[in-house]
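Peer 1: would you be able to build a 3D model of this:
(one chain, ligands or ions: 2)
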Amino acid sequence: MLLLLSALLLLLLAVAGGRALRRAARDVEAPGPMPPGDLRIETRARVVRPLRVYFIKPSKYDDRGRVATFWKGVLPNNTLTVLAALNESYNALRADTGVHLETVLWDEQVDGPVLPETVQAIREKSMEDRVEAIIGLAGVQTNQYPRGRDLALQFRRAGFPVLFGGFHVSGYPQSRVFLEDCGITTVVGEAETLWTSILDDYLAGELRPSYSVTDGIRAKTGSGEITVPLITEAQLPAVSDAYLKRFATKTMTTIDTSRGCPFTCSYCSVKNVMGRTMRARDPEAVVRWIRDAAHHHGIDSLFIVDDDFFRSPSWEPILEGMAAFRREGNELSFMMQVDAEAAAFGPLAPGETPSTQRQRCERFLKLAADAGCYSAFVGFETFNPQNLLVTTKVQNLAKEHRRKKDDLGDAAAAALAGVKEKYRRVCENWHRHGIAVHCGYMIGFPFDGPECGRQSAEWLLDVGVDLATFFVVTPLPGTEDHDKAVRESTIADWDFNQYDSQHMVSQHPRMTTAQVMQAYRDAYRTFYSARNTLRYLLARPATTGLSPLSRTSMVRQRLYYFYSYRAGRHPMLGGIWQRGVPAGARRVVVTDEEARACYLGRGLVSAEGVRVELPSDPPATSPEAQA
Ligand code: B12
Ligand code: SF4
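Peer 2: Ligands and ions are numbered 1, 2, ... in the order given. Predicted structure coming up:
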């Protein structure tokens, strides 16, 4: 039955994939910019200075060096729609100045690779339309940095002003120094209180080498403090129908309602880039946005991308608004990320009155169900209590086992039992409200051994997890883990393209790289084995009391995970059916200096209003210097 289902799925994908390949071939023959118009605002009265902003979300290179691009995506990118909205705000704010922004969104994962011919076509199109064009590499994560950098340099070479933002540059000064040295402007942190001044500077011919947030509140990080913007009044993401068409589900989109995370997990950069003080959008505006998205764009499903929606100061009015919307007869469902504590409470002892905290948790779960939640993504990450202590993810431990040092001594067995019990309660509590539990789980923490993959997967099934995503532990720049790995010289691979949580880039204290990778594969193979998948599909959702919505979604997602893992790809790294790419979309360099030599060569075409004080001589290693 399962094999039949999988075969059917793959057959469908194969038919669709054939079409995708033909489309890719067409794209190659006629490369050009995506037609502006997606989010173009046509009221152009008194426009004297039109400016076309390309927000490009780079993909990454796959193991064969190809830009990973897919027939259909799975999750629309939130950063792109957030940035598009900031352009709308700018147009409203500067309406009387004669400046008008057009927005073009380009997501390489679903729109195809930006080829050298595309760069040229964008340039020609700008000249033809008599608009200035500015390039913004958007939401660039560490694993996308090499691809983003290669694109940024090509655009710089062609004379475009180029901006570069996202978590990687926000957390890694070394990359900023390189990019700035190549004439690329870097943006550290969130753009909400920066974007207007960046554009004003550009228009005045005074674009700076770098920008970081100065207007906002002070927030604690893992080790210090940063300034982060308040987002209460910020424009909400701009829904683009044209963009959504490139995804498997056109009626689903993403929204961030709050930013930051109070916790201090040592492998995570959220607390260091967005801070530990939670900031939220105006909840009434969020609910209005949800209603508008449904009425004007047919949106009936959301991914609330907040790192921890339970810690948002505004979850209550937002969930109440969503529940009211559903009671009016509208369809609405969503998934969200939350910490384990939101649902970790146990049964009440006879005569015990629930604490305020417990009442809060119960209200959260109940309201989430009323508001249409079908899946809670919870970061379990590891069962091993010593791993939880060493990564300071103590919120997953029972209170009595939270301590400063990682050596639990005689308490180790009790602490492990406590963690298992806690995860079981989390699953049971969510299930009681009909909501599925999707957990994140990492392989390769310091106290993991070769058996951890298989064993963890079995325990996850045992405690009742519905869907699990496994990641290889990665010392991401901007995290305490990265700083420690640098201090202890345990980084084994400096190619950031591999920092995608499915490659091992650092040395493990007690396992070889091959052992860690084997454990990672064991975890997927065990959790998603044909037997376990079949068992889940036939029995589990009914026995755990999942709502029909959660059940359908879990079946769909399990099949996608089954397909994705067998296609050799991390489920969160791709989409459906990887497309072939032309030679121009293949990786040619690895390091920053190779990239500089390859793409900048002897210098740049200058562009009005942009800094051009760039190194004029190529490094001695470049092909041009040697010629
Ligand atoms: C949602 C999400 C996903 C979604 C996909 C994104 C989507 N559909 O929107 C999924 C689940 C698929 C995913 C997958 C992964 N993710 Co993720 N994800 C997130 C999450 C939780 C929210 C992203 C978001 O929308 N943030 C809100 C937006 C508005 O913030 P932003 O992107 O930073 O953009 C702001 C600024 O950076 C700046 N900015 C950004 N670009 C630009 C450009 C210009 C020109 C300007 C001016 C400003 C600017 O302004 C923006 C607005 O304020 C973040 C954590 C976080 N808090 O951001 C992790 C995060 C981005 N993910 C991370 C990782 C590691 C991954 C994976 C590699 C893990 C994995 N193996 O699954 C994959 C990679 C997949 C891929 N190819 O993208 C890390 C990245 C860290 C790093 N240094 O690389 C983060 C930070 C989480 C973490 N714990 O550290 N992710
Ligand atoms: S891993 Fe999750 S809980 Fe931990 S700091 Fe990052 S966002 Fe917060």
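Peer 1: and Phe377, what helix or strand is that in?
Peer 2: strand 373-381 (DSSP states H and E).
Peer 1: sheet-wise, list the partners of that strand with their directions.
Peer 2: strand 333-338 (parallel), strand 436-443 (parallel) (DSSP bridges).
Peer 1: does any part of the helix or strand following it sit near ligand 2?
Peer 2: Downstream of strand 373-381, the next assigned helix or strand under DSSP H and E is helix 385-390. No - using CB under 6 Å from any ligand atom, helix 385-390 stays clear of ligand 2, with a minimum separation of 11.0 Å. (C-beta placed from N, C-alpha, C; glycine too.)
Peer 1: tell me the average confidence for the helix or strand immediately after helix 385-390 in the chain?
Peer 2: The C-terminal neighbour of helix 385-390 among helices and strands, as given by DSSP H and E, is helix 412-432. Mean per-residue pLDDT for helix 412-432: 97.
Peer 1: same thing with stretch 490-503?
Peer 2: 97.
Peer 1: re the thing from before, what angle do helix 412-432 and the strand holding Phe377 make with each other?
Peer 2: Counting by axes from the mean of the first three to the mean of the last three CA atoms, to 10 degrees, strand 373-381 lies at 170 degrees to helix 412-432.
Peer 1: kindly export strand 373-381 (C-alpha atoms) in PDB.
Peer 2: C-alpha atoms of strand 373-381 as PDB (Å, rounded to 0.1, in the frame of the first residue of the first chain):
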ATOM      1  CA  CYS A 373      -3.700  25.100  14.300                       C
ATOM      2  CA  TYR A 374      -2.900  21.600  12.800                       C
ATOM      3  CA  SER A 375       0.800  21.300  13.700                       C
ATOM      4  CA  ALA A 376       3.000  22.600  16.400                       C
ATOM      5  CA  PHE A 377       6.700  22.500  15.600                       C
ATOM      6  CA  VAL A 378       8.600  21.900  18.800                       C
ATOM      7  CA  GLY A 379      12.400  21.900  19.200                       C
ATOM      8  CA  PHE A 380      13.100  18.700  21.100                       C
ATOM      9  CA  GLU A 381      16.600  18.600  19.500                       C
END
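Peer 1: work out the gap between it and the centre of the chain.
Peer 2: Distance of strand 373-381 from the chain centroid (CA atoms, centre = their mean, to the nearest Å) equals 15 Å.
Peer 1: so it, near ligand 2 or not?
Peer 2: Yes - Strand 373-381 lies within reach of ligand 2 by CB under 6 Å from any ligand atom, at Gly379.
Peer 1: got a list of what the residue nearest to Ser375 when sequence neighbours are not counted touches?
Peer 2: Leaving out its chain neighbours, the residue that sits closest to Ser375 by CB to CB, 6 or more residues apart in numbering is Met335, at 4.1 Å. Neighbouring residues of Met335 by CB atoms under 8 Å, 6 or more residues apart in numbering: 302-304, 373-377, 438, 553.
Peer 1: same check, this time on Ala343
Peer 2: By CB under 8 Å, 6+ apart, the neighbours of Ala343 are 361, 365, 376, 378, 425-426, 429-430.
Peer 1: again, 7 Å this time
Peer 2: Contacts for Ala343 (CB atoms under 7 Å, 6 or more residues apart in numbering) come out as 361, 365, 426, 429-430.
Peer 1: go on, Gly216?
Peer 2: Taking CB under 7 Å, 6+ apart, one finds 193, 227-230 in contact with Gly216.
Peer 1: just checking: which of these also lie near ligand 2?
Peer 2: Among the contacts of Gly216, ligand 2 is touched by none when using CB under 6 Å from any ligand atom.
Peer 1: let me see the mean pLDDT of the strand holding Phe377.
Peer 2: 98.
Peer 1: how about the residues of the stretch 101-250 of the chain near ligand 1?
Peer 2: Residues of the stretch 101-250 of the chain found near ligand 1 (CB under 6 Å from any ligand atom) are 136, 138-139, 141-143, 163, 165-168, 170-171, 187, 190-192, 195, 198.
Peer 1: show me which of those are buried.
Peer 2: Neighbour counting by 16 or more other CB atoms under 10 Å classes 136, 138-139, 141-143, 163, 165-168, 170-171, 187, 190-192, 195, 198 among these as buried.
Peer 1: give me the pLDDT for the residue lying closest to Thr392 once chain neighbours are set aside.
Peer 2: Sequence neighbours aside, Thr264 is the residue nearest to Thr392 in space, at 4.9 Å (criterion: CB to CB, 6+ apart). As predicted, Thr264 sits at a pLDDT of 97.
Peer 1: do the same with Pro615
Peer 2: 44.
Peer 1: do the same with Leu534
Peer 2: pLDDT, Leu534: 87.
Peer 1: how far does the helix or strand in which it is found sit from its chain's centre?
Peer 2: Leu534 belongs to helix 530-538 when assigned by DSSP H and E. Counting by CA atoms, centre = their mean, helix 530-538 is centred 29 Å from the centre of its parent chain.
Peer 1: can you check stretch 592-604 too?
Peer 2: Its chain's C-alpha centre and that of stretch 592-604 lie 29 Å apart, by CA atoms, centre = their mean.
Peer 1: show me what counts as buried in it.
Peer 2: Buried residues in stretch 592-604 (16+ other CB under 10 Å): 592, 594-601, 604.
Peer 1: farthest pair in the residues you listed?
Peer 2: Glu594 and Leu604 (17.7 Å; CB to CB).
Peer 1: got the contact list for stretch 545-557?
Peer 2: With contacts defined as CB under 7 Å, 6+ apart, stretch 545-557 is touched by 333, 374-375, 431-432, 434-436, 466-467, 537, 541.
Peer 1: tell me the one of those nearest Ala514?
Peer 2: Looking across the contacts of stretch 545-557 and measuring by CB to CB, the closest to Ala514 is Leu467, at 27.2 Å.
Peer 1: ok and the residue in the stretch 451-600 of the chain nearest ligand 2?
Peer 2: Residue of the stretch 451-600 of the chain nearest ligand 2, by CB to the nearest ligand atom: Thr479 (9.1 Å).
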